[in-house]
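In: Sharing a model prediction with you, sequence too.
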Amino acid sequence: MPSSIKDTTVLHNGVHMPWVGLGVWKVQEGGEVERAVETAIRTGYVSIDTAAVYGNEEGVGQAIQRSGIARDQLFVTTKVWNANQGYDSTLKAFDESRRKLGLDMIDLYLVHWPVKGKYKDTWRALEKLYRDGAVRAIGVSNFQVHHLQDVMQNSEITPMVNQVEFHPLLQQKELRAFCSENRIQLEAWSPLMQGNSLDHPVLAGLAAKYGKSPAQIILRWDLQNGVVTIPKSVNENRIRENSDLFGFELTAEDMAQIETMNRNQRFGADPDNFNF
């Protein structure tokens, strides 16, 4: 169980990945994303998660370069967007992301969505990038069990990470079990349900019990489920709050209470039915 924001899980290739990171989805390029990343790094975060489609890779890179933190102390994730999937186009997209970030090495590169007819070729490109030493770890995002099985049956390397929508209203137990069995690290995007249902009675009760916010209760629940979590915020106080997840532990009964909240409810797109 992690005891600080710098603690890591070990991916199946031996790479250490921080349990907690800052997500920058919908954070504006320029000053807004730079301030958020700089605040996070000052607070102690060592993991930053961006994507080509977020349009803020350059700002993330600028903040990293200004931070003064040694490159090998940070873990940077980005993703290839749907329009750029396919073997050759993925390789080009990776080079563009690396240029924008101003980094020689990407720590984790993900296939953003399982685009039909393309994601297997995209995965082959990620395997090449990994074998070439351009990226330390490769994975996928928004892949269901059948997508993962399809990739694994037609590839040399099993994805190291699967980043998916995961929160108390969408607990994805079958997917979690499959990932655990295959040593694929599950990672939660939108762990705070995009601000929805934070006033749920279960969360409110546990927040009062522990003297924490509902958000901190959810993020602690992620960690105790063995799920990497990357809450997004541009607010300095919330960035700090979202890192303060240590020094308390939810009981088995508390964890079971949160499990009763599951509704299989998505706030993002369905990986089996998306159009972007």
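Out: The structure has been received and is ready for your questions. Because the structure is a prediction, the values reported are computed rather than measured.
In: which residues sit in contact with Val140?
Out: Counting by CB atoms under 8 Å, 6 or more residues apart in numbering, Val140 makes contact with 110-111, 114, 119, 123, 147-148, 151, 159, 161-163. C-betas here are computed from N, CA, C, even on glycine.
In: one more time with 7 Å, if that's ok
Out: Taking CB atoms under 7 Å, 6 or more residues apart in numbering, we find Val140 in contact with 110-111, 151, 159, 162.
In: So the nearest residue to Pro114 once chain neighbours are set aside versus Ala70, what's the distance?
Out: Once flanking residues are discounted, Pro114 sits nearest to His147: 4.3 Å by CB to CB, 6 or more residues apart in numbering. Distance from His147 to Ala70, counting by CB to CB, to the nearest Å: 36 Å.
In: which one of those two has more residues nearby?
Out: Comparing His147 with Ala70 by other CB atoms under 10 Å, the one with more neighbours is His147, at 21 against 7.
In: What's the separation between the more buried one and Val80?
Out: Applying CB to CB to His147 and Val80 gives a distance of 15 Å.
In: what do you get for Val60?
Out: Distance of Val60 to Val80, given as CB to CB: 16 Å.
In: Okay, now the unreliable bits of the stretch 101-250 of the chain?
Out: For the stretch 101-250 of the chain, applying pLDDT under 70 flags no range at all.
In: Any chance of the backbone angles for Lys118?
Out: Backbone torsions for Lys118, taken as degrees, to the nearest 10, come to phi -130, psi -30.
In: what sits against it?
Out: Contacts of Lys118 (CB under 7 Å, 6+ apart): 85-86.
In: next one: phi and psi at the residue nearest to Pro114?
Out: Taking degrees, to the nearest 10, you get phi -70, psi -40 for the backbone angles of His147.
In: Wait, it touches Trp113, no?
Out: No - using CB atoms under 7 Å, His147 makes no contact with Trp113, being 9.5 Å away.
In: Now the common contact residues for those two.
Out: Pro271.
In: Tell me where the chain has helices.
Out: Along the chain, counting by DSSP state H, helices occupy 31-43, 57-67, 87-101, 119-131, 145-153, 173-181, 201-210, 214-224, 236-241, 252-259.
In: List the contacts of the shortest one.
Out: If you take CB under 7 Å, 6+ apart as the criterion, helix 236-241 is touched by 22, 36, 39-40, 43, 213, 215-216, 233.
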